[in-house]
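>>> predicted structure and sequence below. I'll ask about it afterward.
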Amino acid sequence: MAYHLCSSSSSLLHDRQSFCSSLCSSHKLKQRNFTPSNKVTSLAPQSRTVLHVNHVSLQEPITQATTEEIESAEEENYDNTVVKSSSSSSKSYIWVNPRSPRAKQLLKKSYDTRYSFLVKIADSLNSCSPNEQEVSEILRGLGDKILEQDAVVVLNNMENPETAPIALKLFQQRIRPTREVILYNVTLKVFRKCREYEKAEKLFDEMLERGVKPDNVTFQTIISCARMCSMPVKAVEWFEKMPSFGCEPDDVAYSAMIDAYGRAGNVDMALSLYDRARTEKWRIDTVTFSTLIKMYGISGNYDGCLNVYEEMKALGAKLNIAIYNSLLDAMGRAKRPWQAKNIYREMINGGCTPNFATYASLLRAYCRSRYSEDALNVYKEMKEKGMELNTILYNALLSMCADVGCAEEAVEIFEDLKSSGTSKPDSWTFSSLITIYSCSGQVHEAEAMLNEMIESGYEPNIFVLTSLAQCYGKAKRTDDVVKTFHRLLDLGIVPDDRFSGCLLNVMTLAPKEELGKLTDCVDKANPKLGSVVRYLVEDPEEDGNFGKEASELFDSIDTLVKKAFCNCLIDLCVNLNKLDKASELLDMGLTLEIYTDVQSRSQTQWALHLKSLSLGAAITALHVWMNDLSKTLESGEELPPLLGINTGHGKHKFSDIGLASVLKSHLKEMDAPFHEAPDQAGWFLTTQVAAKSWLESKRSPELIAA
């Protein structure tokens with residue numbers, strides 16, 4: 001085996017000085033061949049021993065930006081800078097015959113051997129006590145003549161933030177460095193490795209006191225230290241100091257600052273740099289891409305998340321598990337489970353192995369969008385892989401089950417939670433189970449769950465009591481509804497719009513003789529609603545103010561509950577056979593845009609859309625529409641070729657009946673010529689001729705029947 005050696009040990013050390021200074025960012029050595037400027041070309045090619053240096057790139061993974069990933073990316077960033085500076089260094093090589101009797105002697109004088117010795121010195125300094133005496137004793141092993149590059153290599157391989165500054169001080173006393181900033185830079189790197197930001201700041205101040213001018217590497221090291229210590233604001237501060245010290249950031253530094261600005265909350269600056277990066281074709285690390293995805297996700301620009309993802313793929317950037325997890329989380333927030341599913345598939349096809357965060361993001365995405373089958377499959381897969389869910393994920397599953405009616409699955413998940421040993425049910429957990437039992441009308445189970453909740457140390461909140469009141473209402477247990485209302489007041493809870501809406505809904509289910517008990521509760525919970533209800537229940541002689549009272553009610557309640565209130569009030573009107581009030585409320589709902597897109601008209605078809613209405617509101621809207629059709633004929637206008645009624649084909653799992661079946665029965669009673677479309681679920685259609693004939697047969701001006 002042949003060896004390349006410098007012509008002499010001293011000249012080699014001299015020539016390597018600039019190269020060694022560049023090692024300040026190396027974490028460990030990696031193979032890299034340097035083309036020798038002077039070598040014996042007449043000899044046959046032989047295998048060679050070459051010097052190794054670390055050369056990576058700022059393109060390492062970062063997403064949630066674990067400190068390890070940031071460190072990896074920062075190491076690459078740093079090395080890109082120093083390798084450029086070292087590449088211009090002069091290097092001299094000679095070939096040595098390995099069979100020569102002097103080969104071993106020459107090898108002992110090689111820089112590789114010297115370098116290994118210096119690394120051992122650094123290891124000793126890492127493990128010794130942080131006092132000047134012990135550090136000085138170890139450094140005596142370097143001999144009387146310590147070269148500047150020796151100090152650089154030793155400090156560069158140190159990982160003890162307590163002994164490194166002592167070693168730096170002793171080196172400064174024993175040598176006269178030509179570029180003292182390099183010694184500071186490699187010491188700063190030690191603090192970066194150990195995430196000792198305050199020590200790095202202190203050392204920087206010492207530099208300035210000694211009159212040492214910081215360079216680009218100095219700032220890049222401190223900035224990366226701040227990033228790894230999750231101090232993006234500090235990273236931004238150091239970055240913005242650079243011009244005042246005559247340092248000009250390069251494109252790699254700018255790219256890294258996209259991440260820092262994003263984490264510091266300066267989204268505008270981060271996106272501005274990102275736009276510049278794309279224009280000037282900067283190299284952007286994976287950490288920064290991850291931060292961009294998060295920024296877009298937090299701001300609600302979910303298309304921006306996908307655009308960054310597509311750009312990464314187009315650039316051939318490395319897509320790691322953290323990037324995929326950020327994307328899955330963003331798609332979950334966006335309620336785009338189909339895109340989450342596609343991204344997950346691409347991730348698996350790309351060879352990435354999902355971790356807990358991946359499954360958690362998928363689970364949240366599916367639960368938010370009520371993709372029950374997919375969510376339950378993810379849950380089962382997590383259990384099969386031995387992953388323990390936390391209470392938050394269990395609650396997401398139970399909340400989804402409550403919304404879609406997966407009662408059996410919810411009970412199984414609840415039992416799994418209790419037996420997990422790592423999670424405990426909280427108030428939200430019990431609330432979801434009580435909601436499930438309440439919607440199913442399982443009174444005893446709901447009461448048992450409430451008792452278990454109280455025994456676990458949780459007082460029932462307004463959500464629990466709302467569900468419980470609804471459960472008693474379904475079971476026609478009006479007195480228990482009233483007791484629940486008073487229990488809420490006794491706990492000092494102020495009834496909100498949802499609880500008032502629950503009481504109103506219970507009234508639509510209660511017998512007429514018990515409405516008075518509930519009216520008193522409604523009046524206390526919401527006086528404006530109570531006033532409107534009394535107009536319907538108590539039959540006042542003067543009801544001219546009904547429309548005004550109803551209008552004031554809708555102006556006072558939250559937009560989210562307006563449709564529910566209007567639906568329930570119309571249902572109550574229909575139950576009490578006050579169809580004129582039902583029509584008045586429907587008209588008000590349309591005028592106030594509580595109901596939208598109820599009708600659609602084209603040249604070929606007029607349609608009535610009922611799927612967002614309650615049963616009573618849908619029947620009322622149907623009769624009002626029939627009246628409008630009749631008036632159209634009386635005015636001499638023509639009907640379109642096709643008339644349709646759309647009820648939608650879905651129904652809540654907790655309900656045994658759907659709007660379509662109720663409407664079908666009602667149309668049959670009216671003898672109306674509408675028939676279910678065989679290829680369009682939820683649609684009832686008729687022709688112009690059939691509708692005209694039927695409407696003309698109805699001579700009564702009032703089509704709303706009792």
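Good, I have the coordinates. Residues are numbered from 1 along each chain as shown.
>>> wait, doesn't Ala691 sit right on Ile645?
No - counting by CB atoms under 8 Å, Ala691 stays clear of Ile645, with 11.1 Å between them. To be clear about C-beta, it is placed using only N, CA and C from the backbone, and glycine gets the same treatment.
>>> where does the stretch 451-600 of the chain dip in pLDDT?
In the predicted model of the stretch 451-600 of the chain, residues 540-544 satisfy pLDDT under 70.
>>> that one: helices as residue ranges?
Shown for the stretch 451-600 of the chain, the helices assigned by DSSP state H, counting those that start in this stretch span residues 462-474, 478-490, 497-509, 515-525, 527-537, 546-556, 559-575, 579-591.
>>> nearest to Cys225, of the ones you listed?
Ranking the helices of the stretch 451-600 of the chain by distance to Cys225, with CB to CB as the measure, places helix 462-474 first at 46.6 Å.
>>> work out the gap between that closest one and the centre of the chain.
Computed by CA atoms, centre = their mean, to the nearest Å, the separation of helix 462-474 from the middle of its chain amounts to 32 Å.
>>> enumerate every residue touching the nearest residue to Ile454 once chain neighbours are set aside.
Computed as CB to CB, 6 or more residues apart in numbering, the closest residue to Ile454 that is not its neighbour in sequence is Pro460, at 7.2 Å. Contact criterion CB atoms under 8 Å, 6 or more residues apart in numbering gives Leu450, Met453, Ile454, Leu468, Arg487, Leu491 as the residues in contact with Pro460.
>>> can you check what pLDDT the model gives Arg176?
In the prediction, the pLDDT value recorded for Arg176 is 85.
>>> SS state for it?
Following DSSP: H, G, I helix; E, B strand; the rest coil, we place Arg176 in the coil state.
>>> do Ile645 as well
In the three-state summary, Ile645 is assigned as strand, counting by three-state DSSP.
>>> hey, what's the closest residue to it other than its chain neighbours bridged with?
Ranked by CB to CB, 6+ apart and with sequence neighbours excluded, the top spatial neighbour of Ile645 is Phe684, at 4.4 Å. Listed by DSSP bridges, the beta-bridge partners for Phe684 are Ile645, Glu676.
>>> residues in contact with Phe684?
Taking CB under 8 Å, 6+ apart as the test, what Phe684 contacts is Gly644, Ile645, Thr647, Leu663, Lys664, Leu667, Phe674, His675, Glu676, Ala677.
>>> so for it, what's the pLDDT?
In this prediction, Phe684 has a pLDDT value of 94.
>>> tabulate the helices of the stretch 451-600 of the chain in TSV, adding columns for mean neighbour count and distance to Leu306.
Converted to TSV, the helices of the stretch 451-600 of the chain look like this (neighbours: other CB atoms under 10 Å; distance: least, CB to CB, whole Å):
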stretch	mean neighbour count	distance to Leu306
helix 462-474	23	35
helix 478-490	17	45
helix 497-509	23	35
helix 515-525	19	45
helix 527-537	20	44
helix 546-556	16	39
helix 559-575	21	29
helix 579-591	20	38
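>>> tell me which of these sits nearest to Ile258.
Taking CB to CB as the criterion, helix 559-575 is the member of the helices of the stretch 451-600 of the chain that comes nearest to Ile258, at 38.2 Å.
>>> what does that closest one rub up against?
Contacts of helix 559-575 (CB under 8 Å, 6+ apart): 497-498, 501, 504-505, 507-508, 512, 529, 532-533, 536-537, 550, 553-554, 557, 579, 581-582, 585-586, 588-589, 592, 594-595, 612-617, 619-620.
>>> can you check stretch 118-127 too?
Residues outside stretch 118-127 that contact it (CB under 8 Å, 6+ apart) are 135, 138-139, 141-142, 150, 153-160, 163-164, 167.
>>> let's see 10 Å
In this structure, residues lying in contact with stretch 118-127 by CB atoms under 10 Å, 6 or more residues apart in numbering are 20, 28-29, 111, 134-135, 137-139, 141-142, 147, 149-160, 162-164, 166-167, 190.
>>> which of those count as buried?
20, 111, 134-135, 138-139, 142, 147, 149-160, 162-164, 166-167, 190 (16 or more other CB atoms under 10 Å).
>>> filter those down to the ones in helices?
20, 111, 134-135, 138-139, 149-156, 164, 166-167, 190 (DSSP state H).
>>> next one: stretch 129-146 to chain centre, how far?
The gap between the average C-alpha position of stretch 129-146 and the chain average comes to 51 Å, counting by CA atoms, centre = their mean.
>>> rewinding a little: and of the helices of the stretch 451-600 of the chain, who's closest to Thr429?
In this view, the helices of the stretch 451-600 of the chain are compared for proximity to Thr429 by CB to CB, and helix 462-474 is the closest at 11.0 Å.
>>> quick one: low-confidence ranges for this protein?
Flagging of the chain using pLDDT under 70 yields the residue ranges 1-112, 540-544, 649-657, 699-706.
>>> tell me which helix or strand Tyr606 sits in.
No Tyr there; residue 606 is Trp. For Trp606, the enclosing helix or strand under DSSP states H and E is strand 605-609.
>>> what's the answer for Thr686, then?
Element membership of Thr686 [criterion: DSSP H and E] is strand 683-687.
>>> repeat that for Lys664.
Applying DSSP H and E, one finds Lys664 within helix 659-670.
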